[in-house]
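# Sequence first, then the predicted structure:
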Amino acid sequence: MKMNLDDIDTPFLWVDLDIMESNIANLSSYYKSKGLEWRPHTKGIKIPEIAHQLLDAGATGITCAKLSEAEVMVAGGINNILIANQIVGQRKIDRLCKLSKKAEILVALDNEEVARQMDHLAHKNNVSLKILVEVNVGMDRAGVDPGRSTLNFCKRIVDFKHIDFLGLMAWEGHAAGILDHKNKTETISNSMKKLSETVELIKKEGFNPKIISGAGSATYQISTQHNVYNEIQSGGAVFTDEAYTTWGAKTVSSLYLRSSVTSRPSKKRIITDAGWKTLPGWIVNPQPQLLQTIESVSMSSEHGVIQLKEEDSSLISGNILDYQVGYGDATVFLHEYLYGIRNGTLESVWSVQGRGKYT
C-alpha cells in the first residue's frame, strides 16, 4: 500500500533526498578530484539501500563499526567492507572468518595475541583474514603507537600465514570537535605527520602498505591536504546534521525529525512529542526549524522543550514542527524506519536494518 506523509505518525525521522543525493555527489567528486578512494563510514547510516547509493556514486567499499553491522550489509548485497574496530574473542573471530568467505572484509588490528588467534582460527576456517594495523595518531583510544612501535608490531605479525597485511588505519578524531580553525589545523597536521613518518618507516623496512585509511567528515578537508591517506572513511557528511555543520563539514544538512506540538504552557514555551528516546542531544542539540527566537532546547525522555526569548503564539497544539537532527550517529539507530522525502512527497521508506547491531 502506497503511503504518504499524512499516514506517518510523529515523531518520525526523515531525510531530504535532494540534499542527501547532492551531498553524496559532492563528496564523491571531491575525493575523485584528489585521486582518493572513498570508503564511507555507515555507523550512522545503517541502511544497506543507502550504502548501495554510495557505491553507485563511486565509493569503493564501506566502513562499519561492528561485525554485526557488517553482517547486515553483506546480507544486503555489499561485498567490500572495512570493520574499523578490533575483533576479539573466538566467537567473533569465527564469525569474521565466515563473513570473509562471503565478501571482502578488512578489519583493524592492534594486538599480537589477537593476531595469533586470528591466524589460528582463519587456518581452521580455511580463510585468510585481511587486516589494517591501526595507528594511534593522537586520539589515544585504540591503536599501536606510531613510528617504531608500529614497525615492530608489523614485523611480529607478518609471518602469520593466514593474516594478510594490507596497510594502516588511523583516525584523528580528537580534532573533530575543535572549533578554532588554526588549532584544528595544527592538531590534524601533527597527527598526519606522525602517520606519514610511520608510513615511510615501514616502507623502508620492506613493507608495502596498499591502503592508508582514515579521516572523517569533520576532518577530511584538512587531512587530505597532507597526501598521506589514500582512502577516506567520512560518512557522516552523507546526511550531515547540526554536529557536522558545527564541526565544519561543507555539505548541507539533510536529516530531520518531524514532531508534533503537544502543549503550549506559555507563549514562550513549546512542548513536542520528541524527547531523547527519538531525538537525543548528547553531542549537539537538535535545532527546531522556522523558529526565530530560540533561547534553549532540552530533551526529557518523551518531551522536547523549546524555550523562546520572545512570546510567539504562531504554533498551537497539533501543529507539526521539524527539528534538524543534532547528531545522526546518536539518532538514526533509535528508529525503525527512515523516510525519504522529495519536494514534500514521500518517496522512500527504508528499514534501519543496522539498529541494535552492537556485537
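That came through, no problem. Here the structure is a predicted model, which is why all the values come from computation and not from measurement.

# ok, which stretches of the stretch 101-250 of the chain are strands?
Taking DSSP state E, counting those that start in this stretch, the strands of the stretch 101-250 of the chain run over residues 104-109, 129-134, 163-169, 211-214, 231-232.

# show me what contacts Phe12?
If you count contacts by Cβ atoms under 8 Å, 6 or more residues apart in numbering, Phe12 has them with Leu257, Arg258, His335, Tyr337, Tyr339. Just so you know, the C-beta spots here come from the backbone N, C-alpha and C atoms, and that holds for glycine as well.

# His52 too?
In this structure, His52 makes contact with Gly76, Gly77, Ile78, judged by Cβ under 8 Å, 6+ apart.

# Need the three-state assignment for the last one.
If I follow you right, that is Ile78. The assignment at Ile78 comes out as coil when based on DSSP: H, G, I helix; E, B strand; the rest coil.

# in what helix or strand does the closest residue to Thr359 other than its chain neighbours lie?
Of all residues not flanking Thr359 in the chain, Ser68 sits nearest, at 4.7 Å (Cβ to Cβ, 6 or more residues apart in numbering). Secondary structure assignment for Ser68, by DSSP states H and E: helix 67-75.

# Specify the stretch among the strands of the stretch 101-250 of the chain that is closest to Thr262.
Proximity of these to Thr262 was assessed by Cβ to Cβ; the nearest stretch is strand 231-232, lying at 42.3 Å.

# which residues of the chain score low on pLDDT?
Along the chain, segments meeting pLDDT under 70 span 1-2.

# now the helices for it?
Counting by DSSP state H, the chain has helices at residues 17-33, 48-56, 67-75, 90-100, 112-124, 148-157, 181-204, 220-223, 236-239, 242-246.

# Nearest to Trp171, out of the ones you listed?
Of these, nearest to Trp171 by Cβ to Cβ is helix 181-204, at 8.8 Å.

# Give me the buried positions along that closest one.
Of the residues in helix 181-204, those buried under the neighbour-count criterion (16 or more other Cβ atoms under 10 Å) are 184, 187-189, 191-192, 194-196, 198-199, 201-202.

# And for stretch 205-222?
Of the residues in stretch 205-222, those scored as buried under the neighbour-count criterion (16+ other Cβ under 10 Å) are 207, 209, 211-222.

# which among these gets closest to Ser296?
So of these, ranked by how close each gets to Ser296 (Cβ to Cβ), first place is Ala218, at 24.5 Å.

# how about the closest one, phi and psi?
Here is the backbone geometry of Ala218 (degrees, to the nearest 10): phi -90, psi 0.

# thinking again about what came up before, so which of the buried residues of helix 181-204 is the closest to Asp312?
Lys184 (36.4 Å).

# and the residue nearest to the closest one when sequence neighbours are not counted, what are its phi and psi?
On the basis of Cβ to Cβ, 6+ apart, the spatially nearest residue to Lys184 that is not a chain neighbour turns out to be Ile178, at 4.0 Å. The phi and psi torsions at Ile178 (degrees, to the nearest 10) take the values phi -70, psi 120.

# how about stretch 283-291 as PDB, C-alpha atoms only?
This file holds the C-alpha atoms of stretch 283-291, laid out as PDB (Å, rounded to 0.1, in the frame of the first residue of the first chain):
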ATOM      1  CA  ILE A 283      26.600  15.600  21.500                       C
ATOM      2  CA  VAL A 284      24.900  18.600  19.900                       C
ATOM      3  CA  ASN A 285      21.400  19.800  20.500                       C
ATOM      4  CA  PRO A 286      18.800  19.300  17.700                       C
ATOM      5  CA  GLN A 287      17.600  22.600  16.200                       C
ATOM      6  CA  PRO A 288      13.900  23.400  15.700                       C
ATOM      7  CA  GLN A 289      13.200  24.800  12.300                       C
ATOM      8  CA  LEU A 290      11.400  28.000  11.400                       C
ATOM      9  CA  LEU A 291      11.600  29.500  14.900                       C
END
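
# which outside residues touch it?
Residues external to stretch 283-291 that are found in contact with it (Cβ under 8 Å, 6+ apart): 241-243, 246, 256-257, 270, 274, 279, 294, 297-299, 304, 306, 308, 312, 321-327, 329-330.

# burial measure for Gln353, as a count.
Burial of Gln353 is recorded as 17 neighbouring residues (other Cβ atoms under 10 Å).

# Would you quantify the distance from the closest residue to it other than its chain neighbours to His41?
Counting by Cβ to Cβ, 6+ apart, the nearest residue to Gln353 once its immediate chain neighbours are dropped is Val72, at 5.0 Å. Taken as Cβ to Cβ, to the nearest Å, the spacing of Val72 relative to His41 amounts to 14 Å.

# Done for today, thanks.
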